[in-house]
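Student: sequence and predicted structure, then a few things I'm wondering about:
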Amino acid sequence: MKILVINTGSSSIKYELFDMAGPKVMASGMAEKIGEEESLIIHKRILSNGESTERREAVVIADHHEGMSRIVALLVDTEYGAVRDKNEIVAVGHRVVHGGEAFHSTTIIDEEVIAAIKKNIPLAPLHNPPNLVGIEVARSVFPNALQVAVFDTAFHQTIPKRAFLYAIPFELYEKERVRRYGFHGTSHAYVAARAAEYLCSPLGELNLITIHLGNGASMAAIKNGKCVDTTMGMTPLAGLVMGTRSGDVDPALPFFLADHLGMTPRETDALLNKESGLKGICGTNDMREVIEKMDAGDDRAKIALDLYAYRIKKYIGAYFAALEILDAVVFTAGIGENSPYIRELCSRGLDRLGIEIDLERNKLTGSGISEISSPDSQVKILVIPTNEELKIAQETKKAIANFLK
Ligand code: AMP
């Protein structure tokens, strides 16, 4: 069974083609700068022996439809392609950022689902519109394939009211659905399932704190396999310090900026989403560069890293209290998987909570799952590479099996 996973942004389409027997990736790539003067497609065909061939095309791609048509041409190309006919692809799994309260799980896309995703546009104005374009385009390019939506928010729909409601007039929740939703759900769900496999324990019996540290960053508290709290909120701005996002700030900050600096809501939005976080403190949003700057003696970089790790450590404490019992802390995504320094900084001093990092093991992580807690640690600390595309493909496969039952 061949499943194509796509993640459509405002000017990009990322894709990965899976053969679900395995499962293994057959091809992957990305069309970017769609609608700009010169677009770029990077396409990789992955051979069964693990070797790959890459094709780069600098072309003009006017819109997402043209981008998807070009991707299909590459997928069936005699030299770089992975399938002979596009009809071999039985389903397309779409990453959809905001499912609101309507979706608790992966869903086969029909007109009603499209209407519900549209209804959530005010909650995710930057993400849901391009996701809808991706669905529309995939429907016309793959008319025989099932289209499936996998929502970033779905995994967090088990969060109880005490954790998802804001203490503001209740009507805002009832009428406008203002509440915490949470994001990165596919990643949190994936690493939680992998942790259960690694620990040889049913997920339903595990209490975990999962820490996704990529360009965006979030944490989830998982009780008996179900998410009970998460750091992102109604939008992906809340919670941890991120590359360019502030994370938690005093909610009155925008009023101060408006009254004293005359900043408009749009300017404040840009400031908190694009000019804050690591970048706001030390001028750089890429974690590798921030660490390099700190190593070169840059004070601001050191402050940015301290702030970054302190926020995570604080939430580990908060989520331990929320869960009451904790089996494992899981680090994942670009920074979580690759930075021993950050992992050490946010795990240090938690021995009294039973969380003891082994500094040597922390430096020796490989490509698979690594256990970096000391042998005596009551709580395991794991590094688990995330794979959101694979999770979307697995969810898509499950959804079609249920649909065809
Ligand atoms: P992601 O969004 O998951 O691709 O993660 C991107 C982030 O991971 C960027 O801030 C990168 O600088 C960071 N990253 C990748 N490799 C490393 C590394 N070896 N050490 C520290 N940060 C890294």
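Tutor: That came in fine, so what should we check first?
Student: and the residue nearest to residue 204 when sequence neighbours are not counted, its phi and psi?
Tutor: Of all residues not flanking residue 204 in the chain, residue 225 sits nearest, at 4.3 Å (Cβ to Cβ, 6 or more residues apart in numbering). The C-beta positions use only the backbone N, C-alpha and C, and glycine is treated the same way. Dihedral angles of residue 225 (phi, psi; degrees, to the nearest 10) stand at phi 80, psi -10.
Student: cool, the one 3 residues further on as well?
Tutor: The phi and psi torsions at residue 228 (degrees, to the nearest 10) take the values phi -120, psi -10.
Student: does it really touch residue 322, like I thought?
Tutor: Yes: in this structure residue 228 lies within contact range of residue 322 using Cβ atoms under 8 Å: 6.4 Å.
Student: assign residue 105 to helix, strand or coil.
Tutor: Classification of residue 105 using DSSP: H, G, I helix; E, B strand; the rest coil returns coil.
Student: mind checking pLDDT for it?
Tutor: With respect to pLDDT, residue 105 has a value of 93.
Student: residue 73: which element?
Tutor: Secondary-structure assignment from DSSP states H and E places residue 73 in helix 64-75.
Student: how about whichever helix or strand comes after that helix as CSV, C-alpha atoms only?
Tutor: Downstream of helix 64-75, the next assigned helix or strand under DSSP H and E is strand 89-96. Extracted in CSV, the C-alpha atoms of strand 89-96 (Å, rounded to 0.1, in the frame of the first residue of the first chain):
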residue,chain,number,x,y,z
ILE,A,89,-1.1,5.8,-4.5
VAL,A,90,-4.2,4.8,-2.6
ALA,A,91,-4.4,7.6,-0.1
VAL,A,92,-3.0,11.1,0.6
GLY,A,93,-2.5,11.9,4.3
HIS,A,94,-2.6,15.7,4.9
ARG,A,95,-1.1,17.4,7.9
VAL,A,96,-3.8,19.9,9.1
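Student: what's next to strand 89-96, contact-wise?
Tutor: Here strand 89-96 makes contact (Cβ atoms under 8 Å, 6 or more residues apart in numbering) with 1-8, 17, 75, 83, 109, 117, 128, 131, 134-135, 138, 142, 145-152, 186, 388, 392-393, 395-397, 400.
Student: so of those, which ones are in strands?
Tutor: 2-8, 17, 146-151 (DSSP state E).
Student: separate out the buried members of those residues.
Tutor: Neighbour counting with 16 or more other Cβ atoms under 10 Å marks 2-8, 17, 146-151 as buried within these.
Student: contacting residues for the closest residue to the ligand within the stretch 151-300 of the chain?
Tutor: Closest contact between the stretch 151-300 of the chain and the ligand, by Cβ to the nearest ligand atom, is at residue 214 (2.7 Å). Residue 214 is in contact with 333-336, counting by Cβ under 8 Å, 6+ apart.
Student: and which of those residues is nearest to residue 179?
Tutor: Lowest distance from residue 179 to the contacts of residue 214 (Cβ to Cβ) belongs to residue 333, with 24.8 Å.
Student: just to check, the closest one is in contact with residue 186?
Tutor: No: assessed by Cβ under 8 Å, residue 333 is found out of contact with residue 186, at 11.6 Å.
Student: so which of the two has more stuff around it?
Tutor: Legend: neighbour count by other Cβ atoms under 10 Å for residue 333 and residue 186, higher for residue 186 (26 against 22).
Student: sorry, back to before: turn the buried ones among the ones in strands among the contacts of strand 89-96 into TSV, columns for pLDDT and distance to residue 252.
Tutor: Output for these, formatted as TSV (pLDDT from 0 to 100; distance: Cβ to Cβ, whole Å):
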residue	pLDDT	distance to residue 252
2	96	52
3	97	47
4	97	46
5	98	41
6	97	40
7	95	35
8	93	36
17	97	48
146	96	47
147	97	43
148	98	42
149	97	37
150	97	36
151	96	32
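Student: what about the helix holding residue 73, average pLDDT?
Tutor: 94.
Student: equivalent analysis for stretch 242-251, please.
Tutor: 97.
Student: pull out the buried residues from it.
Tutor: Buried, per 16+ other Cβ under 10 Å, within stretch 242-251: 242-247.
Student: now flag whichever of the residues you listed is closest to residue 30.
Tutor: residue 243 (19.1 Å).
Student: pull the contacting residues for the closest one.
Tutor: 215-216, 277-279, 285-287.
Student: and if we set it to 10 Å?
Tutor: 213-217, 274, 276-280, 284-287, 290, 308, 334-335 (Cβ atoms under 10 Å, 6 or more residues apart in numbering).
Student: keep only those of those residues that are in helices.
Tutor: Counted as lying in helices by DSSP state H, out of the contacts of residue 243, are 274, 277-280, 287, 290, 308, 334-335.
Student: include distance to the ligand and neighbour count when you put those into CSV, please.
Tutor: Formatted as CSV, the ones in helices among the contacts of residue 243 follow (distance: Cβ to the nearest ligand atom, whole Å; neighbours: other Cβ atoms under 10 Å):
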residue, distance to the ligand, neighbour count
274, 15, 14
277, 10, 26
278, 8, 25
279, 10, 18
280, 14, 19
287, 4, 23
290, 8, 27
308, 10, 26
334, 2, 17
335, 4, 25
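Student: with pLDDT added, can I get those in a markdown table?
Tutor: A markdown table is the format used below for the ones in helices among the contacts of residue 243 (pLDDT from 0 to 100):
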| residue | pLDDT |
| --- | --- |
| 274 | 93 |
| 277 | 97 |
| 278 | 98 |
| 279 | 97 |
| 280 | 98 |
| 287 | 97 |
| 290 | 98 |
| 308 | 98 |
| 334 | 96 |
| 335 | 97 |
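Student: am I right that the residue nearest to residue 204 is in contact with residue 206?
Tutor: Yes: if you go by Cβ atoms under 10 Å, residue 225 and residue 206 touch, sitting 6.0 Å apart.
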